[in-house]
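[1] below: sequence and its predicted model.
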Amino acid sequence: MVRTTALITGASAGIGAAYAEQLAQRGHDLILVARDAMKLEQVAARIGEMTDVAIDILRADLTSGADRASVERRLREDPGISILVNNAGVSSNTTILKADPDRLEDLIDLNVVALTRLSVAIAPRLAAQGHGAIINLSSVTALIPATFEPTYLASKAYVLAFSESLAAQLAPHGVRVQAVLPGMTRTEIWTKGDHDLNALPQNMIMEVGEMVGAALSGFDLGETVTIPSLSDVGQWITFLEARATLQPHLSRQHAAGRYRVQDWKREHALDEALEATFPASDPIAVSGCHPRTP
Ligand code: NAP
């Protein structure tokens, strides 16, 4: 990657702070976005001791329309920004039966709406300049429905689908889009959600620096979807191939046979008519000459 500015959302902690550190080590200037300005200052100071990149702080609550608009404006108007890392996200660990709909709406506002609006803000400028990248943090939960809280999981499935589609639209303009699907990664998101990571199998939990390092290697390899934990990339290719085999069958003039209720009723009525004409005890039926026998 050539030196340019990366705007990272959710850069005050966890995965976002690790992206900030590793992108700075690659020589990129930074714009760090989150709500907690003091934590952003601490991240900036730490990175400032290790590198000489320029670091700007943009305090914003990405669920607030006014704050989000200021980040969108910066993405539209600052010609130096060529990388957007849409990382800010919250989780939810409730069941849908106990959920507070306002909190779920906040989750969608951040994980889906903000990510979409920021991508839409920067994409036309990147396409016009003919290079740049959008990196979106999804999750492996996007691939394993029914394993996690539905709204979080669906927000991450959105990020995956959005990124794959955006990648296809922007590739002809020289713009890269990558969806990153981390498994369990040791950050504060777990403690905020009252999960005890120490109670979970340790061989399923990745350290944050290793996860971000792997995600950036996936970016360097040109991947549209990077799953840092997945050692056999052939399994992902098999998944994509299986999905592609469905494509020619997904939009047809007529419903599949098993859904054609009228046909089924007609066949059923014919069966009943045959039964009336040729009862099962009928010697013709017993001899195997019944019209219903194939
Ligand atoms: P984290 O440690 O909780 O950090 C979340 C970051 O988002 C913080 O910098 C937080 O900063 C920021 N943020 C939260 N609400 C915000 C808001 N309304 N406006 C602006 N910024 C906000 O979480 P993480 O584990 O690093 O997760 C980062 C991303 O990776 C998320 O999208 C998450 O879904 C995804 N992910 C994580 C894991 C995992 O196991 N950790 C696995 C798969 C995917 P402030 O509080 O200062 O605003």
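    Yes, it's here.

[2] mind giving me the domain ranges of the protein?
    Domain ranges of the chain: 5-247, 252-294, per automatic domain parsing.

[3] how about these in JSON lines, adding mean pLDDT and mean neighbour count?
    No exception for glycine: its C-beta is placed from N, CA and C like everyone else's. Shown next, in JSON lines, are those (pLDDT from 0 to 100; neighbours: other CB atoms under 10 Å):
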{"stretch": "domain 5-247", "mean pLDDT": "97", "mean neighbour count": "17"}
{"stretch": "domain 252-294", "mean pLDDT": "69", "mean neighbour count": "10"}
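
[4] among the ones you listed, which comes closest to the ligand?
    domain 5-247 (2.2 Å; CB to the nearest ligand atom).

[5] what about the closest one, start to end distance?
    39 Å (CA to CA, to the nearest Å).

[6] which parts of the stretch 1-150 of the chain sit against the ligand?
    9-16, 34-36, 39, 60-63, 87-91, 110, 137, 139 (CB under 6 Å from any ligand atom).

[7] which parts of the chain are strands?
    Listed in chain order, the strands of the chain (DSSP state E) span 5-9, 29-34, 55-59, 81-86, 133-137, 176-180, 225-226.

[8] and the contacts of the last one?
    Read that as strand 225-226. Leu160, Ser163, Glu164, Gln178, Ala179, Val180, Leu181, Ala214, Ala215, Gly218, Phe219, Trp236 (CB atoms under 8 Å, 6 or more residues apart in numbering).

[9] OK, contacts around the nearest residue to the third one once chain neighbours are set aside?
    Computed as CB to CB, 6 or more residues apart in numbering, the closest residue to Glu164 that is not its neighbour in sequence is Thr224, at 6.3 Å. With contacts defined as CB under 8 Å, 6+ apart, the neighbours of Thr224 are Ser163, Glu164, Ala167, Val177, Gln178, Ala179.

[10] the helix ranked longest in the chain versus strand 81-86: what angle between them?
    Longest helix of the chain, by residue count under DSSP state H: helix 150-170. Going by axes from the mean of the first three to the mean of the last three CA atoms, to 10 degrees, helix 150-170 is angled at 150 degrees with respect to strand 81-86.

[11] give the other helices and strands that helix 150-170 contacts.
    helix 101-108, helix 115-129, strand 133-137, strand 176-180, strand 225-226 (3 or more CB pairs under 8 Å, 6 or more residues apart in numbering; DSSP states H and E).

[12] that one to strand 133-137, inter-axis angle?
    Using the same axes, to 10 degrees: helix 150-170 against strand 133-137 is 160 degrees.

[13] give me the angle between helix 150-170 and helix 115-129.
    Going by the same axes, to 10 degrees, helix 150-170 makes 10 degrees with helix 115-129.

[14] quick one: distance of helix 150-170 to the chain centre.
    4 Å (CA atoms, centre = their mean, to the nearest Å).

[15] hang on, the earlier thing: which members of the contacts of Thr224 are the farthest-apart pair?
    Glu164 and Gln178 (10.2 Å; CB to CB).

[16] before we move on, back to that, look up phi and psi at the residue nearest to Glu164.
    When read as degrees, to the nearest 10, the backbone of Thr224 gives phi -90, psi -30.

[17] between the helices and strands packed on helix 150-170, which gets nearest to Asn198?
    strand 133-137 (23.6 Å).

[18] got the contact list for the closest one?
    Outside strand 133-137, the residues that reach it (CB under 8 Å, 6+ apart) are 15, 19, 82-87, 89, 115, 119, 122-123, 126, 159, 162-163, 166, 170, 175-180, 182, 215, 219.

[19] nearest residue to Asp196 other than its sequence neighbours?
    Trp190 (7.8 Å).

[20] distance check, the one you found against Asn93.
    9 Å (CB to CB, to the nearest Å).

[21] what does Ala121 give?
    Counting by CB to CB, the gap from Ala121 to Asn93 is 31 Å.

[22] re the thing from before, tilt between the longest helix of the chain and strand 176-180?
    160 degrees.

[23] relative orientation of helix 150-170 and helix 101-108 in degrees?
    Using the same axes, to 10 degrees: helix 150-170 against helix 101-108 is 30 degrees.
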